Structures are given as C-alpha cells and as structure tokens.
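Participant: give the three-dimensional model of this entry:
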Amino acid sequence: MPTKVEKDAVTGVETTGHEWDGIKELNNPLPRWWLYVLYACIVWSVIYWILFPAIPGITGYTKGIIGGTEREALGEKLEAARAAQAVFLDRIEAASLEELSEDADLLNFAIAGGRAAFADNCAPCHGLGGAGQAGGYPSLADDDWLWGGTLDEIHTTLLHGIRAGNDDTRVSDMPAFGADELLSREEIGDVTAYVLSLSGGEADGAAVERGATIYKEQCVACHGEGGVGEMTLGAPPLNDQIWLYGGEKAEIEAQIARPRHGVMPAWGPRLDATTIKMLTTYVHTLGGGQ
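Facilitator: Residues are numbered from 1 along each chain as shown. Below you'll find the predicted structure:
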C-alpha cells in the first residue's frame, strides 16, 4: 500500500513522519549550493587519492601517480635553506671568535644561529634569554661568571662542560665541611654569619668575628679575601647578591655543610664546531660577557 504523504499545515512542506513532543520534522531538501560543495569535495578526494600518497595499509600506503610527499618537500626546503646559509657558515667556521665579533654581518648571523641553538639545547636549564633558574642553573645575563665570561672562556666551557667526565672539563669541588666533619655545627654557623655579612646581610656580630677567622683558615684560598671569588678555580664571589643555590641563612649553611655540585654537559661531542661558535657569541651578548 502506498505510504500516505503528510504535509505541514502551516508551510505546506512534507513531513518525515517523525514527531517529538508534538513537533513534527519537516522534510526540507538540502540547499543546492551545499550539495554542489559536497559533490565537489567527493570528486576532489578521489582525484587526490589517485595523484598523491594516501591510504595506509599493512605494509605501506598507496603511492599515488605523482608520488610526491610533504616530507620530500620539506627536505627540499631544508636543503635550499642550508645552501643559502652555507656562505655564512663557512665564513664562521674559518673565522676566529674575535674576527667573528668584528664582522657585523657574521655577528648578526651568529647571534641568530646561537639563539636558535640555545633555545634547543640550553634554555631548559638556563631559561630563555639566559635568565637562569633556582636550584643551581646560573644566569648568563649578569657579570658573575664561575669560569670567566670572555669569548674564549665561554667557548671552553661550552666545549668541555662542567664536571662532565672528560679530561678537559671544568672541575671545582667545594669540601663538605659538615658531612666530612671538617667543621663543627657551631663553626659552620659562624662561617655562615660571616658570609652573610660579606653581601650586606644581617648577622650576629660575635658570630661574624669568629666566622672571619675560620674563613681565613678554610675558605680564603678559593673564594679570596673578602669573598671576591676566583674565576680560574670556579669559586664564585660571596660579596654580592648573586647566589647559585640561594642566599638565605639556611641555604648558605646547607651549602657549606653538604655542598651541591652542578653538572653541565660537554657540547663538543654533541654539536658541530660552527654551532658552538655561534652559541659562544650569543651567550657573550646576553649582557654578562666580559
């Protein structure tokens, strides 16, 4: 038997026969423009499937007639970029650090390349822009350097790292005055008071006086008279407000009793010589280069 066609009394449009809470669904046709777009997309997808790599399978994917891939296109763009940079990279490789810094074009290129390499390799520890992070990651944007901030000194640190386990790495080991029982708890407290006083911190006068004597006996050989530090030994100054592991009394006391020693990777085996030169140049320009 033929199905009875029902039309909406208001619009005169056929209904689908569906009804919800007294509301009947109208059987309006889709707009023609929408259908044309749908058909065009279907046709385009078939053409794309034929021309380009498409459907993945168990052992591969359909290669397509033209066989092109975005990976190949990216590879071509990278090769073109390397070719465009080759002139600068070759000149940087041949130049000394001083010559590089005296050539405006090379310097700008090296800073840009060093910034990119820094973001990829160094920023997780030293922060973007070399601002440093709490917990033993020093700032590279001030003038407080453990091993020196000249171009050559920065370059050496980057090449060989700090406590990185190679023959040329930078090494400095502060004695564990508390853990190794070199000083008593009271003596460590007195030295802490003296170190606090060097940077203008508040401390008990009698403890400072006692700590000054202990400092001369135990600490001055590395940290210098008045806590000026010694870059060649990797001994930081103690007479400013820049602290690697914190400058509060408890933090200084903990570092004297059981010091922490950070490790920086040796980038020589990981990065090419040109990239390390660009990194050196970039770090030197962050604000603390000497």
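Participant: could you dump the lowest-mean-pLDDT helix or strand in the chain to PDB, C-alpha only?
Facilitator: Least confident helix or strand of the chain, by mean pLDDT, DSSP states H and E, is strand 15-20 with a mean of 83. Below are the C-alpha coordinates for strand 15-20, written out as PDB (Å, rounded to 0.1, in the frame of the first residue of the first chain):
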ATOM      1  CA  THR A  15       7.000  15.800   6.900                       C
ATOM      2  CA  THR A  16       9.300  12.900   7.600                       C
ATOM      3  CA  GLY A  17       6.800  11.200   9.800                       C
ATOM      4  CA  HIS A  18       8.900  11.800  12.900                       C
ATOM      5  CA  GLU A  19       7.300  13.600  15.800                       C
ATOM      6  CA  TRP A  20       8.700  14.700  19.200                       C
END
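Participant: which strands or helices does it pack on?
Facilitator: For strand 15-20, the packing partners by 3 or more C-beta pairs under 8 Å, 6 or more residues apart in numbering; DSSP states H and E come out as strand 23-26. C-beta coordinates here come from the backbone N, C-alpha and C atoms, glycine included.
Participant: now do the strand it packs on: distance to the chain's middle.
Facilitator: Put simply, strand 23-26 sits 60 Å off its chain's centre (C-alpha atoms, centre = their mean, to the nearest Å).
Participant: which helices and strands sit right next to that strand?
Facilitator: Against strand 23-26 (3+ C-beta pairs under 8 Å, 6+ apart) you get strand 15-20.
Participant: from the rest of the structure, what touches the strand it packs on?
Facilitator: If you take C-beta atoms under 8 Å, 6 or more residues apart in numbering as the criterion, strand 15-20 is touched by Glu6, Lys7, Asp8, Lys24, Glu25, Leu26, Asn27.
Participant: quick check: the fifth one vs Lys249, distance?
Facilitator: The span separating Glu25 from Lys249 equals 77 Å under the rule C-beta to C-beta, to the nearest Å.
Participant: neighbour count: those two, which is higher?
Facilitator: Per other C-beta atoms under 10 Å, whichever of Glu25 and Lys249 has more neighbours is Lys249, with 16 against 12.
Participant: surely the more buried one meets Leu196?
Facilitator: Yes. The pair Lys249 / Leu196 is scored as a contact, 6.2 Å apart, by C-beta atoms under 8 Å.
Participant: would you list every one of the helices in the stretch 151-290 of the chain?
Facilitator: 151-160, 185-198, 205-218, 220-223, 249-257, 273-284 (DSSP state H, counting those that start in this stretch).
Participant: cool, and the stretch 1-150 of the chain?
Facilitator: Under DSSP H, counting those that start in this stretch, the stretch 1-150 of the chain gives helices at 32-51, 70-94, 97-102, 104-121, 123-126.
Participant: comparing those by mean pLDDT, which bottoms out?
Facilitator: Here the lowest mean pLDDT among the helices of the stretch 1-150 of the chain goes to helix 70-94, at a mean of 86.
Participant: against which helices or strands is that helix packed?
Facilitator: helix 104-121, helix 273-284.
Participant: quick one: residues contacting the spatially closest residue to Leu107 that is not a sequence neighbour.
Facilitator: Distances taken as C-beta to C-beta, 6 or more residues apart in numbering place Ser101 nearest to Leu107, at 5.7 Å, with adjacent residues excluded. Counting by C-beta under 8 Å, 6+ apart, Ser101 makes contact with Leu107, Leu151, Thr281, His284.
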